[in-house]
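S.K.: just coords:
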Ligand SMILES: Cc1ncc(COP(=O)(O)O)c(C=O)c1O
């Protein structure tokens with residue numbers, strides 16, 4: 001607050017907390033209101049955020065009463081509106097549709113006297129995880145969003161806002177890979193061949209959470225021909241801990257290094273100690289040079305927050 005940052009408020013509770021924090025007679029807090037735009041898009045339901053039945057943001061029906069209430073508040077100054085329709089989206093239409101919804105909200109906010117300058121359209125642009133994925137380029141996405149916002153504002157006679165976006169995955173996902181060592185192999189005759197690796201859902205929770213697909217290759221033989229179908233199993237105590245299911249892959253031996261591609265977004269950041277498995281190290285590679293940027297967790301790291309209860313301490 002003292003640095004004049006803009007705060008994104010997602011719901012009435014956020015506003016109530018902020019109202020208490022702002023000192024009486026102090027400068028108003030700069031607010032950006034996040035609302036649900038009511039836009040459906042074809043992505044996994046867990047990463048869809050803009051449809052009406054979403055936990056994120058003010059419901060569109062709440063927008064008018066909330067903006068009306070805030071219009072009379074000395075502690076708040078609404079300078080921005082925010083919406084995010086979801087993630088890993090391949091179509092451009094939902095992004096285009098968002099512009100009209102946001103321009104309507106902008107018009108409403110300005111009519112109620114709010115000095116809204118910023119429109120934040122979130123992120124959501126998908127990336128290619130498997131060959132059949134065909135996402136638009138970042139350029140195409142930006143063009144569609146910018147043109148749609150400009151047109152929607154012109155149609156409503158609105159002065160153009162400052163356009164903001166928050167792409168995540170599309171910027172970083174393809175710059176990361178996850179490196180595993182191949183372990184055991186189990187052939188279930190006539191059903192499936194499991195090949196296990198020394199990681200899984202704790203370093204990549206996306207397949208078990210959203211049934212996400214990936215591409216993999218062998219580090220030393222990246223172009224080797226596929227000659228069998230395997231299911232790449234993680235090492236966690238869940239049958240669902242499968243990184244890639246029914247994958248055409250070259251025969252591989254235990255000890256070989258296997259690489260899962262495009263894990264630069266929502267992998268390390270969503271990694272966990274599921275089953276008390278330590279997280280792997282992270283290495284930055286640039287022009288042939290490698291540098292450790294996060295060290296591998298050790299068993300003692302996992303015990304760092306554990307405390308021995310006093311009553312057990314004294315047991316001999
Ligand atoms: C509010 C918000 N903005 C932006 C993003 C980034 O989305 P993406 O990585 O799909 O571009 C997310 C991701 O969850 C988000 O929740």
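M.R.: Yep, it's here. It should be emphasised that the depicted structure is a prediction, and the values quoted were computed from it without experimental measurement.

S.K.: Now do the buried residues in the biggest strand by length in the chain.
M.R.: Looking across the chain with DSSP state E, the single longest strand is strand 178-188. By neighbour count with 16 or more other Cβ atoms under 10 Å, strand 178-188 contains the buried residues 178, 179, 180, 182. Using the backbone N, CA and C atoms, a C-beta is placed for each residue, glycine as well.

S.K.: Same list, those, but as JSON lines with distance to the ligand and pLDDT please.
M.R.: Compiled in JSON lines, these are given as follows (distance: Cβ to the nearest ligand atom, whole Å; pLDDT from 0 to 100):
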{"residue": "178", "distance to the ligand": "18", "pLDDT": "98"}
{"residue": "179", "distance to the ligand": "23", "pLDDT": "98"}
{"residue": "180", "distance to the ligand": "24", "pLDDT": "98"}
{"residue": "182", "distance to the ligand": "30", "pLDDT": "98"}
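
S.K.: residue contacts, whichever residue of the stretch 151-300 of the chain sits closest to the ligand?
M.R.: Here the stretch 151-300 of the chain gets closest to the ligand at one residue, residue 168, 2.7 Å apart by Cβ to the nearest ligand atom. Going by Cβ atoms under 8 Å, 6 or more residues apart in numbering, residue 168 touches 87, 123, 265, 266.

S.K.: May I ask which of those residues has the most neighbours?
M.R.: residue 87 (24 neighbours; other Cβ atoms under 10 Å).

S.K.: Next, find the distance separating the residue of the stretch 151-300 of the chain closest to the ligand from residue 266.
M.R.: Distance, residue 168 to residue 266, using Cβ to Cβ, to the nearest Å: 8 Å.

S.K.: show me where this structure has strands.
M.R.: All strands of the chain, identified by DSSP E, fall at 6-9, 29-34, 76-82, 118-120, 162-164, 178-188, 192-197, 216-218, 228-233, 242-249, 257-260, 282-286, 289-294.

S.K.: next one: the third one to chain centre, how far?
M.R.: The gap between where strand 76-82 is centred and where its chain is centred comes out at 23 Å by Cα atoms, centre = their mean, to the nearest Å.

S.K.: where does the closest residue in space to residue 29 that isn't next to it in sequence fall, phi/psi-wise?
M.R.: Distances taken as Cβ to Cβ, 6 or more residues apart in numbering put residue 22 closest to residue 29, at 5.2 Å, once the chain neighbours are dropped. Recorded main-chain torsions at residue 22 are phi -70, psi 120, according to degrees, to the nearest 10.

S.K.: And residue 22, how far from residue 81?
M.R.: As judged by Cβ to Cβ, residue 22 and residue 81 stand 20 Å apart.

S.K.: Neighbour count: the two, which is higher?
M.R.: residue 81 (30 against 16).

S.K.: give the contact list for the residue nearest in space to the middle of the chain.
M.R.: With distances taken as Cα atoms, centre = their mean, the residue of the chain nearest its centroid is residue 266 (5.6 Å). Residue 266 makes contacts with 168, 169, 173, 206, as judged by Cβ under 8 Å, 6+ apart.

S.K.: let's see 7 Å
M.R.: Counting by Cβ atoms under 7 Å, 6 or more residues apart in numbering, residue 266 touches 169, 206.

S.K.: now do residue 280
M.R.: By Cβ under 7 Å, 6+ apart, the contact list for residue 280 reads 199, 203, 296.

S.K.: The last one contacts residue 281, doesn't it?
M.R.: Yes: the pair residue 296 and residue 281 passes the contact test of Cβ atoms under 7 Å, sitting 3.9 Å apart.

S.K.: hang on, the earlier thing: residue 243 versus the residue of the stretch 151-300 of the chain closest to the ligand, what's the distance?
M.R.: Applying Cβ to Cβ to residue 168 and residue 243 gives a distance of 21 Å.

S.K.: In contact with residue 118, which residues?
M.R.: Residue 118 touches 32, 79, 80, 161, 162, 164, counting by Cβ under 7 Å, 6+ apart.

S.K.: Up against the ligand, what does the stretch 1-150 of the chain have?
M.R.: Within the stretch 1-150 of the chain, the residues that sit near the ligand (Cβ under 6 Å from any ligand atom) are 84, 87, 122, 123, 124, 125.
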